[in-house]
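Engineer: what follows is a predicted structure for the sequence shown.
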Amino acid sequence: MPVTPALSPAILVQLVLLTAAVTGISHVVTLLELPSHSRDNAFARIQATVPLDKQVALSNSGSGPASLPFGDPAMATAVCRFDLRQSPFQVAISPFDTGFVTIGFHSRNGLAFYGLTVHAADATRLDLVVSDKSEARGDPSDSATATANHAVAVVSPDPEGFVLMSTPLGDGIGRAEADERLAHIGCGAGSTATP
Amino acid sequence: MLHRMPVARVRRPSQPPARIVVAGAWKRRLMLVLAVLAAIGTGMIVGAGLTRLSTRTEAIGSVGQGPWRLLVDAGTPAINPYLRAYFARTGQVPLAAAQGLTAVARRDSAGRLLKRNCAYRVTGPVPPALFWTLEAADTHGVPFETPARRQSFTSEDILRDSTGKFAIQIAPRVQSGNWSPIAGSGPFLLVLRLYETPMSGAGLPISHDMAFPTVEPLSCP
């Protein structure tokens, strides 16, 4: 007497297709959600050690309470964390004597949404005002637009994020001198950003 | 006299009892439900596993250039989702496009994995940039702590020959000239950061004839 299989070949094919479809959906969803939910991402690490609206120097060794992996050991780096739901955020750069400082703006979900490099030759004060999309004015296609008072408005895709600022070490520049150069960059809530 | 004929209670083989039919159908439905749940569970696990596997390194979402992987869109809102997930897993922060471009080498120019017990020579040229740094680090991005205290070279402190060219020896033992010490065992990586380069963001397109340093193996016990 022939034994009837519990699942017919047609059903087995459908199950394979279902597995493939769920695999694809699961892959895409986990890939897109990982930056927001990772406990190891840069924002989570910074949030654990860096208070809001205050510049904190990062360790270059990749270890220690305030450090990030894959940091550049040839650069002195500091970080400021912002939360636009609690307070406005501004970065104020006053002129410095030598070298350059490179500054990157990052959202909590891992997007680098603005960056600039300031040289010692740029002997003017520069203010960068960070706002989120709901506060943004001006051309929506440009993430940074000049405002009436010659400050630069930077639109963050997320109300929370951080700013990393780095300047070269070496060639006669020690950590103390580099930190002094970074101190020409103030960050904080509005007018408190004065360096 | 009427004889009552005995009635044979013969069960027809083609028509099983209703109770058995119901039990068989119920069993088949249960198996189908279990099979569907298993398919969904397998798909979710395999999909998440694929995500984990594909975001272990920067291989997906970067551009190959000899031994280097260029993280071209890493500093823009158009960052590749695989690269973004890789950064989130490792805690890395990419350079914003206006800051520069990062390139990572996990293999030498012959395609072999970089090993800490081997010696390598990195020779120029380096693409145009205001300032560049070259670092040897472990696979977690932590620079090597060695008695030599040298963790990186930059465009400003490197020794060059009379033609302006340079060579950096990456080795566990002391080398003459530009020596970047490595330590321990296992694989390592090289990170080249080009600050304020026209190649980043919407700058120069990356082409295969663009000059990047070569990574030659010197010796490997």
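Structural biologist: Yep, it's here. Numbers count the residues shown, from 1 in each chain, chains lettered A, B, ... in the order given.

Engineer: for the chain, which segments are assigned as helices?
Structural biologist: Reading this off chain A. A:9-37, A:42-49, A:175-182 (DSSP state H).

Engineer: oops, wrong one, chain B.
Structural biologist: Under DSSP H, chain B gives helices at B:18-54, B:81-90.

Engineer: out of these, flag the one nearest chain A.
Structural biologist: helix B:18-54 (2.5 Å; CB to the nearest CB). (C-beta placed from N, C-alpha, C; glycine too.)

Engineer: now the angle from the closest one to helix B:81-90?
Structural biologist: 80 degrees (axes from the mean of the first three to the mean of the last three CA atoms, to 10 degrees).

Engineer: for chain A, give me the ranges with low pLDDT.
Structural biologist: A:1-6, A:61-66, A:134-150, A:171, A:190-195 (pLDDT under 70).

Engineer: follow-up on the earlier one: could you export the helices of chain B as CSV, including mean neighbour count, mean pLDDT and distance to B:Lys165?
Structural biologist: Compiled in CSV, these are given as follows (neighbours: other CB atoms under 10 Å in any protein chain shown; pLDDT from 0 to 100; distance: least, CB to CB, whole Å):
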stretch, mean neighbour count, mean pLDDT, distance to B:Lys165
helix B:18-54, 14, 87, 38
helix B:81-90, 23, 94, 32
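
Engineer: export these to JSON lines and tack on distance to chain A?
Structural biologist: Formatted as JSON lines, those follow (distance: least, CB to the nearest CB, whole Å):
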{"stretch": "helix B:18-54", "distance to chain A": "3"}
{"stretch": "helix B:81-90", "distance to chain A": "4"}
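
Engineer: now the ones you listed in TSV, with distance to B:Leu114?
Structural biologist: As requested, those are exported to TSV (distance: least, CB to CB, whole Å):
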stretch	distance to B:Leu114
helix B:18-54	21
helix B:81-90	18
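
Engineer: between those, which one is nearest to A:Leu34?
Structural biologist: In terms of CB to CB, the element of the helices of chain B nearest to A:Leu34 is helix B:81-90, at 4.3 Å.

Engineer: hey, C-alpha coordinates of the closest one in PDB?
Structural biologist: Provided in PDB are the C-alpha atoms of helix B:81-90 (Å, rounded to 0.1, in the frame of the first residue of the first chain):
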ATOM      1  CA  PRO B  81      23.700  50.300   4.200                       C
ATOM      2  CA  TYR B  82      26.200  47.500   4.700                       C
ATOM      3  CA  LEU B  83      28.900  50.000   5.500                       C
ATOM      4  CA  ARG B  84      26.600  51.900   7.800                       C
ATOM      5  CA  ALA B  85      25.800  48.700   9.700                       C
ATOM      6  CA  TYR B  86      29.500  47.700   9.800                       C
ATOM      7  CA  PHE B  87      30.300  51.100  11.400                       C
ATOM      8  CA  ALA B  88      27.400  50.600  13.900                       C
ATOM      9  CA  ARG B  89      28.600  47.200  14.900                       C
ATOM     10  CA  THR B  90      32.200  48.300  15.400                       C
END
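
Engineer: report the contact partners of B:Gln169.
Structural biologist: B:Ala119, B:Tyr120, B:Arg121, B:Gln175, B:Ser176, B:Gly177, B:Asn178, B:Trp179, B:Ser180, B:Leu218 (CB atoms under 8 Å, 6 or more residues apart in numbering or on different chains).

Engineer: switch the cut-off to 7 Å
Structural biologist: B:Ala119, B:Arg121, B:Gln175, B:Gly177, B:Asn178, B:Trp179 (CB atoms under 7 Å, 6 or more residues apart in numbering or on different chains).

Engineer: same check, this time on B:Leu194
Structural biologist: B:Gly100, B:Leu101, B:Pro127, B:Ala129, B:Trp132.

Engineer: chain A: which of these is nearest?
Structural biologist: B:Gly100 (7.1 Å).

Engineer: okay, domains of chain B per the record?
Structural biologist: B:17-54, B:63-219 (automatic domain parsing).

Engineer: so which of those domains is the most packed in?
Structural biologist: domain B:63-219 (a mean of 18; mean count of other CB atoms under 10 Å in any protein chain shown).

Engineer: show me what the residue minimising distance to the centre of chain A is bridged to.
Structural biologist: Here the mean C-alpha position of chain A is nearest to the C-alpha of A:His106 (CA atoms, centre = their mean), at a distance of 1.9 Å. Taking DSSP bridges, one finds A:Ala112, A:Phe162 as the beta-bridge partners of A:His106.

Engineer: hey, where'd the strands end up in the chain?
Structural biologist: Since you didn't name a chain, this refers to chain A. A:56-58, A:75-83, A:89-93, A:100-107, A:112-119, A:126-132, A:144-146, A:152-156, A:160-168, A:185-188 (DSSP state E).

Engineer: other chain: chain B
Structural biologist: B:63-65, B:68-70, B:100-105, B:119-123, B:131-137, B:152-154, B:167-171, B:178-181, B:189-195, B:214-219.

Engineer: need the ones you listed in a markdown table with mean pLDDT, can you?
Structural biologist: Formatted as a markdown table, the strands of chain B follow (pLDDT from 0 to 100):
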| stretch | mean pLDDT |
| --- | --- |
| strand B:63-65 | 89 |
| strand B:68-70 | 93 |
| strand B:100-105 | 94 |
| strand B:119-123 | 95 |
| strand B:131-137 | 94 |
| strand B:152-154 | 90 |
| strand B:167-171 | 94 |
| strand B:178-181 | 93 |
| strand B:189-195 | 95 |
| strand B:214-219 | 94 |
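
Engineer: since that was my last question, I'll sign off now.
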